[in-house]
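Undergrad: This is the structure alone, sequence omitted:
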């Protein structure tokens, strides 16, 4: 017997927030720039020197992150130098920290060198390791990935071809 098709096939991806997020974050250098800023590297020349990102690419990535409201520009001036800007996370940008930690955990688990991961995250208050885990609103934790199911949310839109005849919302 053939299993029924996944329910997700009935819904449009037009309003998919994962797709929208990846339009902002999906380019490799964007995540590298965020990593640097989360690590306290906020000035253009420091980022460029540390990462090797081509000048124009870094300029474009920073402008995009500012334009999307993840970073803000803060002016500074070294003695005898022209006015420059450093980049600071906004609240929207700080909300990405768990995502970056989750990516690092996955990389540490599957891609680290034999001697171990190059970067760990610690709680400033007690120096204990920080990790990301999935939990439900009822407090069950941690929840293994196979125990998580995607469900249509209030913004989900059914695809017109998925509507039964005569059941169109129009």
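TA: Okay, I see it. Just so it is clear, the model here is predicted, and its values are computed rather than measured.
Undergrad: for residue 153, what are its contacts?
TA: Under the criterion of Cβ atoms under 8 Å, 6 or more residues apart in numbering, residue 153 has no neighbours. No exception for glycine: its C-beta is placed from N, CA and C like everyone else's.
Undergrad: which parts of stretch 54-64 are buried?
TA: 57-58, 61-62, 64 (16 or more other Cβ atoms under 10 Å).
Undergrad: same check, this time on stretch 24-36
TA: Buried positions in stretch 24-36, judged by neighbour count with 16+ other Cβ under 10 Å: 25, 29-36.
Undergrad: which residues touch that stretch?
TA: Contacts to stretch 24-36, defined as Cβ under 8 Å, 6+ apart, come from residues 46-47, 50-51, 53, 57-58, 61-62, 64-65, 68, 70, 93, 96, 99-100, 103.
Undergrad: Buried only: go through these for me.
TA: 47, 51, 53, 57-58, 61-62, 64-65, 68, 70, 93, 96, 100.
Undergrad: Output the below-cut-off pLDDT ranges for this structure.
TA: 162-170 (pLDDT under 70).
Undergrad: Could you export the buried residues of stretch 24-36 as CSV, including distance to residue 14?
TA: Conversion of those to CSV gives the following (distance: Cβ to Cβ, whole Å):
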residue, distance to residue 14
25, 19
29, 27
30, 23
31, 25
32, 29
33, 28
34, 26
35, 31
36, 33
